[in-house]
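no FASTA, just this:
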């Protein structure tokens, strides 16, 4: 039986849950309390030394990194999500490769906006420092510290803008004449990205693509209409329209829009 250690609203966890739902695989899971740093406990670091989620256990095999987990699930299930044609398979893997930069960008935008407000309002400086000190990866700790200090003016936001501009340009080209990223059939490429784009929309940041990449709006709606979205994302994070409305009220886009427009000028 597959066992997944995951986070309730973690985008990488959601990405893997979407894959599990699309492949109709049976699995058990344990949700880690990321806010209280359970991912940094010794027992979990023994499984995943980076202290991140998700981690998949299949008998004695431990699989980490969400894109690798998706590839493993598709390969072992012998399912349709990974194209059989070698060229199409490589195209799918290139989308999976893009997720490295995309994930970093989503993490930046999340913690530079809503998550920053939440943390600063609920934790003392000492508590924040203690939480960051427990992070396994020093680079991630330094990034978190800098973003919480500077918010939308963080040096990491420019890197996020670069990655997201490339993503939406590439998605628009792919979706201009097809329903899904690799054509008329849903594949692992679509599975790999839905949680990331959904997160930005939930943050109230859909203005990043509505004008420059309108096909992404259609793709997001189609992805949300699939049963896997309700099973893997909505059931954990709640309805997207409620969260995006709340974040719009939090003025995330108002903070981001001017800098986004200047970057893409």
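Here it is on my side, so go on. Remember, predicted model here, so these are calculated numbers, not experimental data.

residue 82 reaches residue 75, doesn't it?
Yes. Between residue 82 and residue 75 there is a contact under CB atoms under 8 Å: 6.9 Å. In this view, the C-beta of every residue, glycine as well, is placed from N, C-alpha and C.

between those two, which has more neighbouring residues?
Taking other CB atoms under 10 Å, residue 82 and residue 75 do not tie; residue 82 has more neighbours (21 against 11).

helix, strand, or coil at that one?
When classified by DSSP: H, G, I helix; E, B strand; the rest coil, residue 82 comes out as coil.

let me see the confidence value for it.
pLDDT recorded at residue 82 is 91.

report the buried residues of the helix or strand residue 171 falls within.
Residue 171 belongs to helix 155-175 when assigned by DSSP states H and E. Across helix 155-175, burial judged by 16 or more other CB atoms under 10 Å covers 156-157, 160-161, 163-165, 167-168, 171-172, 174-175.

for those residues, which one is nearest residue 103?
Using CB to CB, residue 163 comes nearest to residue 103 of the buried residues of helix 155-175, at 9.1 Å.

ok, the closest one - contacts?
Contacts were defined as CB atoms under 8 Å, 6 or more residues apart in numbering; by that measure residue 163 touches 101, 102, 104, 105.

correct me, but the second one touches residue 165?
No. Counting by CB under 8 Å, residue 102 does not reach residue 165; the two are 11.4 Å apart.

output the below-cut-off pLDDT ranges for the stretch 101-250 of the chain.
Across the stretch 101-250 of the chain, the ranges flagged by pLDDT under 70 are 245-250.

can you pull out the strands in this protein?
With strands called from DSSP state E, the chain shows them at 2-6, 27-31, 55-58, 61-64.

how about JSON lines for these, with mean neighbour count added?
As requested, the strands of the chain are arranged in JSON lines below (neighbours: other CB atoms under 10 Å):
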{"stretch": "strand 2-6", "mean neighbour count": "20"}
{"stretch": "strand 27-31", "mean neighbour count": "14"}
{"stretch": "strand 55-58", "mean neighbour count": "20"}
{"stretch": "strand 61-64", "mean neighbour count": "14"}
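
to residue 219, which of those lies closest?
When the strands of the chain are compared for distance to residue 219 using CB to CB, the nearest one is strand 2-6, at 24.3 Å.

pop the domain breakdown of this protein in here.
The chain breaks down by automatic domain parsing into domains covering 2-77, 86-263.

what is the mean pLDDT for the shortest one?
Okay, so that is domain 2-77. 96.

span of that domain from start to end?
Domain 2-77 has an end-to-end distance of 12 Å (CA to CA, to the nearest Å).

distance from the chain centre to that domain, please.
13 Å (CA atoms, centre = their mean, to the nearest Å).

I'd like the strands of the chain as TSV, with distance to residue 133 appended.
Output for the strands of the chain, formatted as TSV (distance: least, CB to CB, whole Å):
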stretch	distance to residue 133
strand 2-6	22
strand 27-31	24
strand 55-58	22
strand 61-64	23
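
quick one, helices of this protein?
Ranges of helices within the chain are 11-22, 42-45, 66-77, 86-112, 114-122, 125-133, 138-150, 155-175, 188-202, 214-225, 227-229, 235-237, 240-249, 252-263, based on DSSP state H.

who wins for proximity to residue 4 among these?
Closest approach to residue 4 among those is made by helix 11-22 (6.6 Å; CB to CB).

looking at the contacts of residue 163, which two lie furthest apart in space?
It's 102 and 104 that sit farthest apart of these, by CB to CB, at 7.3 Å.

now do the contacts for residue 109.
157, 160, 164, 200, 203, 205, 256.

likewise residue 263?
Neighbouring residues of residue 263 by CB under 8 Å, 6+ apart: 158, 161, 162, 165.

ok so, going back, relative to helix 214-225, how tilted is the helix holding residue 171?
When axes from the mean of the first three to the mean of the last three CA atoms, to 10 degrees is applied, the directions of helix 155-175 and helix 214-225 differ by 90 degrees.

ok so, going back, pick the one among the contacts of residue 263 closest to residue 66.
Nearest to residue 66 out of these is residue 162 (CB to CB; 21.4 Å).

who touches the closest one in this structure?
Taking CB under 8 Å, 6+ apart, we find residue 162 in contact with residue 263.
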